[in-house]
Structures are given as structure tokens and as C-alpha cells.
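> what shape does this take:
(one chain, ligands or ions: 1)
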Amino acid sequence: MSDYKPFKTILTGGMALLLAVFIFSGCSSSKNHTANDDAADQVYVPPGKHDEFYSFMSGGWTGNISVYGIPSGRHLYTIPVFSQDPTDGYGYTEETKALLNTSHGFIPWGDTHHVEPSKTDGLYDGRWVFVNDRNTPRLARINLKEFRTDETLEIPNTAGNHAASFTSSNSEYVSAMSEYSIPLPKPLGNGTDVAIDSYAENFKGMCTMVKVDQKTGHLNVDFQIELPPFDYDLGRFGLGESKDWVFYTDYNSEEAHTMLEVNASQNDKDFVLAINWKKAAKIAHQGKGQVVSAEYDHNVVNHKTGWAKTEVKKKVRVLQPSDLEGAIYFLPGPKSPHGINVSPQGKYISIGGKLSSTVTVYSLDNIRKAIANHDVSKTIDDIPVLSFKDVEKEQVKKAGLGPLHVEYDGKGYGYNSAFISSEIVKWSLKTGKVVDRHPTYYSIGHLTVPGGDTRKPYGKYLIGLNKITKDRYLPTGPEMFAGEQLFDITGDRMKLLLDFPVEGEPHNAAELPASLIDTAQVKYYDLDENHNPYVTRSESEAKVVRKGHRVDVYMTAIRSHFMPDNIEGIKIGDEVHFHVTNLEQEWDIPHGFAMMGMRNAGILLMPGETRSIVWNPTKKGVYPFYCTDFCSALHQEMQGYVRVSSKNSNVKIAYGTNKEL
Ligand code: CUA
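Sure thing, here's the model as predicted:
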């Protein structure tokens, strides 16, 4: 058993007090911290064999998504999303730079939080995954044929985009919700430059409904709903019977704006916001609310050309709660709630009371009854508050200390993570009674069951996404990868199978069966279908063109040379655009391109693809370039030179391969 006691290190004053009155009655024992020998058989994927599931893990502060195989825990790939990634030049190449554009300018970094796969009829359909940037409010759509980001969309009038990117049963909408309220620009609010002390008066929360075009996947801000300045934390769309609803937890109903750890924990209860999104959309489409000016960037990849382009959007429709009669309610919830999760049939909604030891379960039937009976205790900013006793189904007691999230196995059980007591607790949806618990190492945040947010969870495994790693692996200095744990949940008791480290901080993850994705993969790009404006389809078309200070190099790469590989006539002050086309038409034969002294990343070109990178040489000399990917036995020979002369030199443009210049 490890020396590490999460209790000691994590507890703040308020939580310590809570712990003092909390008598922990779990059955965690030290024998559970390592797996049995037979676990090896369950996670062993023999060489050449594939995993059963893809796990898409948000990378947190890496700004990207990392992809792992389950059950092996093998790292398969990293998908660049909101952060530049030198692996393939994402965000460095001219083709991909626009994906990182925002109304604040080019932002090379993001903070990914919640990965949600697209769904059809409440089941994963393998088309896309969506993910949010919490820091600069954005959503992204990744296509699962290429494992590439196709689109990023900035969310206006909002901040702290934490409660995103939740998707409805048929991916009609992806929603994004403000965690941090902000003052809104006129004419909506009183203007953005206001005293922070005027928080309660001037700051607003914002719910954003982003429509998904079912054909193209394109995202579009359909409407927003202005909300009281609470901190909206997490959300989930309903499923089955509740599929027209979306639910969000919020804390800080105190509307505090400083020292939130104390000031936002004053009220005995916070809230769950329930919105009937179908009704709200109908009302929005009837023209209710106000269309206001806003500025936000929408960046989309054109698959014909391979270029992402930015469109600056200028308008957005904002509804007030008073516009949404019968479509928006507050449900009183546990104090400072965190996760909210909907059971597979959509009947039960579970909320982790992160400062308590219980999970609160609402029933959809009770919510419906309370709405039908107009059982409203009060209103907050025109939002009716339903009475707690009416909507609550039960409290799951002994759910560990600091319950955060719940996942369902589709067999009638919920599993909740408990951050402070570092454990997973399994309970029956029918009885609300705890039936099993297992320690985690350490301080678990999200947890995920493959398909756990669908109508039919695949069950079988559960992955604990632990926040703290400590002594689980060989130490790597002060920083370590986060540690995830894989459990077998096929039996009555959870069984620990595997620890595996992952990049960044996976706030959540989603597992899709490999069979939904693997056979649909793009293996290379057809050269004939490459409509990049700078494509070079054959070596005979390779050329170097000067137009004033701009030089365009149309270059090809094929095993094992570039055309051209010698270039002269470049001058200091030139802006040199290398457009490199990989002429290979075979899976997994990329070439790379890297130039000495180029203040930019190298690039990696997939077969049949063109990528462009800009170089501004500042010093005279002859500069070697080379292929970065070990593409053949003669990979080392795949190299060339560019001669850079002084500004006023009369060296003429000349180029070629295997030719005197
Ligand atoms: Cu091409 Cu190495």
C-alpha cells in the first residue's frame, strides 16, 4: 500500500470539517491497490491484434485529444484540436492555421475538457467527436475517418466554457455553457467595462445551443439563453424518455465573485437547470428574443482544398428565460454539485454532491409531475424553481466522500467516482443501495463506461480518470502523466485490471467500439482529388515562382527525393512558401519537410496531400532541408539545399533535382 494519503493533501478547511463529521464506512482495503495475475490475460492484446475499443481522452491543458486502445491502454494517436502540434504541423501550416483563429486573434493553445461522440437515436454512430476549449470558449468537431479536426467554433457572450460539449440524442445540438459569468456587451447588458463588484447586477451566465448540420457536420450557434450569474459546471442531454431535455449543474448560486471556495459554499442547496431544448428551439425559431451584435470566429476545413478558412460571425440570437415559459426550470440540487448524468433509459438523473457523501437522484416522472402541478417554490430571474421533495427520487448514501460523476452499465447499476475518498462506488438504480466499492489511485475525477452516456452502454469495462498519479509509475520529476485505471465490471465486484498513464489531464473520455470506426479510415488522399490550390501532381509540374518578395515553391516528395532539391535565387527579405505534395499513393508512407533555421515547425505530409509552410530567411547562406520521416532505406538521402543571397544580389531563381543549376 502506498504512503500517499489523498485525504491529507487535498483537504481544504471546509472539506476537513466535512470529513470530521463523515464516518467513512467503505470496504476499501490495501489488497485492492494492485491487480491479480489473471488480470494480465484480460488486458493482453497480442502483437498484431487490435484493441476492442478506442478511448478518446480529452488532453486538458494539452488542448488536444489523445486516443488509447482499450483494454491494452496503448497510446494510439494524438489528435491536435486547440493547440499547435508539431507532430504533423497542425496550426503551423498555412492550411491548418485558421483553425486556431478567434476574435482575440490566433491562439495556439486550448484546454480541452469533455469529449462527446456524435449519436443517432441515442447511440454512438462513429461520425464525429466534439470537444470544448474551456479557456477561450470554443467547440471543435473531429471527423473519425481521418482523426482530424474539421472545424472550430468560438462561442460568443460567454466565458469559462466548462459545461460543454454535450450532445443530444441525434446530435441535433451540441451545447456549451458558461462557468464564469461575464458582463455582456450592449445592447444586451450594461456594457463590458464595469466594476467587478457589480457582479450580481451586471454579470450574466449564458447557455449556447449549437446546431449540427446532419449532412456536413457544420456547427452553427442557433441561439443563446441569458441566465443568472451562477457557475454552470456540467451538463447532459436526456436520453430516451427525457431526450428533449438538457440538464446542467450549477454552483455559486450565491453569485460570489471573490474567494469562491468560501463565498460560493454558503447556501445549503444549489441548482440543476433543466431546459426543454426542443421547446426552446421552437421558440427561438419563432423569432423570440433579440438578435444582437457579437463577434466570433467560425473555422472550417474545406475537404476539397484541404484549407481551413475563417468566417467572422457578427450576430447571435439571445433569448431571456421569460421567453421560455414551460421550457426552463431550476431544480434544487445538492450544495455545490458537480457532475450530472442521465441513466440509459433517460428516467433518472444523478448529481454528484461534491461536498457531501451522497449522490442525489431525480426521476423524470417526478419532474414531469412537479411541472404539471405547477409546484413552484419561487422564481429566480424568471426561472421557476421546482420543489426539491417533488423532483428527488432518492439519495444514494455512503457514495464516498466528494462524489463527482456517475456512469451507468446498462444493467441497472450506477457507478460514482468519489474524489476525496479516492474510490468508485457501485449502487443499484432500483434500490439506491451501495453494492460494491473499490479504491482508486488517486483522487478520481470523471469515470467512463464504454457507451455510458448512450441508451445502450457497452458495459464490460470502467475507466477511472484519476487526477493524481504520485507513486503509481516510475517517477519523472515533478510532473507526471495522469494515471488511469481500467476495471472489469462484468461481475458483481469491480476488478482492477490495469493502470496506464495518459497525456495531459483527461477530464473525461469516451469509448467507441473499434468496429464502428476502424474500417472507415481514410488511408491516403487520392492525388486526382487533391484540389489544394498549390498542389503539384507530378515532378514535371514542380516549379519555383517569384512574385515580388514572395516566392512559391511547388515541391514534390516521393521515395526518396524532393523535386526540386536544389534551389537558388532566394534573397533576404523574401517570404518563401513551400507547398510540398507527397506523391505517394500508399497507406502509411508520409514524408516530412524541415528547413534549417525556419522559425516554424517541420511538416508531415500524408500520401497524396499538400501542405504549405512559410519561411522568412534573415541570413545569407546555403540551407539544407530534409525529410523528417524515415520513409525508406534511402530516407537519409532525402535532402536538398536552398541558397539565400543578399537583398540586392542578382542571383536568379534556378531549381532542379539531378541537374546543374
Ligand atoms: Cu521521405 Cu524520409
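> OK, contacts around the closest residue to residue 405 other than its chain neighbours?
What sits nearest to residue 405 in space, not counting adjacent residues and going by C-beta to C-beta, 6 or more residues apart in numbering, is residue 339, at 3.5 Å. Placement of C-beta: from N, CA and C, glycine included. Contacts for residue 339 (C-beta atoms under 8 Å, 6 or more residues apart in numbering) come out as 234, 249, 351, 352, 404, 405, 406, 417, 446.
> now with 6 Å, please.
Neighbour list for residue 339: 234, 352, 404, 405 [criterion: C-beta atoms under 6 Å, 6 or more residues apart in numbering].
> that one belongs to a strand, doesn't it?
Yes - per DSSP: H, G, I helix; E, B strand; the rest coil, residue 339 lies within a strand segment.
> could you tell me the phi and psi values at the residue in the stretch 1-150 of the chain positioned nearest to the ligand?
Residue of the stretch 1-150 of the chain nearest the ligand, by C-beta to the nearest ligand atom: residue 88 (14.2 Å). Phi and psi for residue 88, reported as degrees, to the nearest 10, are phi -120, psi 10.
> what's the answer for residue 520, then?
Backbone torsions of residue 520, given as degrees, to the nearest 10, read phi -90, psi 10.
> thinking it is in contact with residue 144, fair?
No - the criterion here is C-beta atoms under 6 Å, and residue 520 misses it with residue 144 at 7.3 Å.
> show me what contacts residue 66?
57, 59, 78, 503 are the contacts of residue 66 under C-beta under 6 Å, 6+ apart.
> centre-most residue in this structure?
Centroid-nearest residue in the chain, with C-alpha atoms, centre = their mean: residue 131, separated by 2.9 Å.
> how far away is residue 481 from the ligand?
Computed as C-beta to the nearest ligand atom, to the nearest Å, the residue 481 to the ligand distance reads 29 Å.
> what about that residue, how many neighbours?
Using other C-beta atoms under 10 Å, residue 481 is surrounded by 17 other residues.
> shaky segments in the stretch 551-661 of the chain?
Low-confidence segments of the stretch 551-661 of the chain (pLDDT under 70): none present.
> what about the strands in it?
Ranges of strands within the stretch 551-661 of the chain are 561-563, 566-571, 575-582, 591-595, 603-605, 610-615, 621-626, 639-645, 654-656, based on DSSP state E, counting those that start in this stretch.
> buried residues in the longest one?
Spelled out, that is strand 575-582. Neighbour-count burial for strand 575-582, counted by 16 or more other C-beta atoms under 10 Å, picks out 576, 577, 578, 579, 580, 581, 582.
> quick one, helices of the chain?
6-10, 13-21, 39-43, 199-202, 260-263, 277-285, 364-372, 388-391 (DSSP state H).
> quick one: end-to-end length of stretch 523-539, please.
Terminal residues of stretch 523-539 lie 23 Å apart, using C-alpha to C-alpha, to the nearest Å.
> what residues sit buried inside that stretch?
For stretch 523-539, a neighbour-count test (16+ other C-beta under 10 Å) marks 524, 525, 527, 530, 532, 534, 535, 536, 537, 539 as buried.
> centre of the chain versus that stretch, how much separation?
Taking C-alpha atoms, centre = their mean, to the nearest Å, one finds the center of stretch 523-539 at 31 Å from the center of the full chain.
> which residues touch the closest residue to the ligand within the stretch 301-450 of the chain?
Nearest residue of the stretch 301-450 of the chain to the ligand (C-beta to the nearest ligand atom) works out as residue 306 at 19.6 Å. Taking C-beta under 6 Å, 6+ apart, we find residue 306 in contact with 95, 532.
> re earlier: just checking, which of the contacts of residue 66 belong to strands?
Within the contacts of residue 66, residues falling in strands by DSSP state E are 57, 78.
> got the contacts of residue 66 as JSON lines, with distance to residue 450, pLDDT and neighbour count columns?
Shown next, in JSON lines, are the contacts of residue 66 (distance: C-beta to C-beta, whole Å; pLDDT from 0 to 100; neighbours: other C-beta atoms under 10 Å):
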{"residue": "57", "distance to residue 450": "13", "pLDDT": "97", "neighbour count": "31"}
{"residue": "59", "distance to residue 450": "20", "pLDDT": "94", "neighbour count": "28"}
{"residue": "78", "distance to residue 450": "20", "pLDDT": "97", "neighbour count": "21"}
{"residue": "503", "distance to residue 450": "20", "pLDDT": "92", "neighbour count": "18"}
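> start to end distance for stretch 331-346?
Counting by C-alpha to C-alpha, you get 17 Å between the two ends of stretch 331-346.
> could you do stretch 78-88 as well?
10 Å.
> contacts for that stretch?
63-66, 90-92, 108-110, 112, 131, 133, 140, 142, 147, 149, 601, 604.
> ok, and which of the residues you listed reach the ligand?
Residues shared between the contacts of stretch 78-88 and the neighbourhood of the ligand: none [C-beta under 6 Å from any ligand atom].
> for ChimeraX, what selects the buried ones among those?
Listed next is the ChimeraX selection for buried residues among the contacts of stretch 78-88, using 16+ other C-beta under 10 Å:
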select :63,64,65,66,90,91,92,110,112,131,133,140,142,147,149,601,604
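> among the contacts of stretch 78-88, which are in strands?
Among those, DSSP E puts 65, 66, 131, 133, 140, 142, 149, 604 in strands.
> show me which pair in these is furthest apart.
The largest distance within those, taken as C-beta to C-beta, falls between 133 and 604 and amounts to 23.8 Å.
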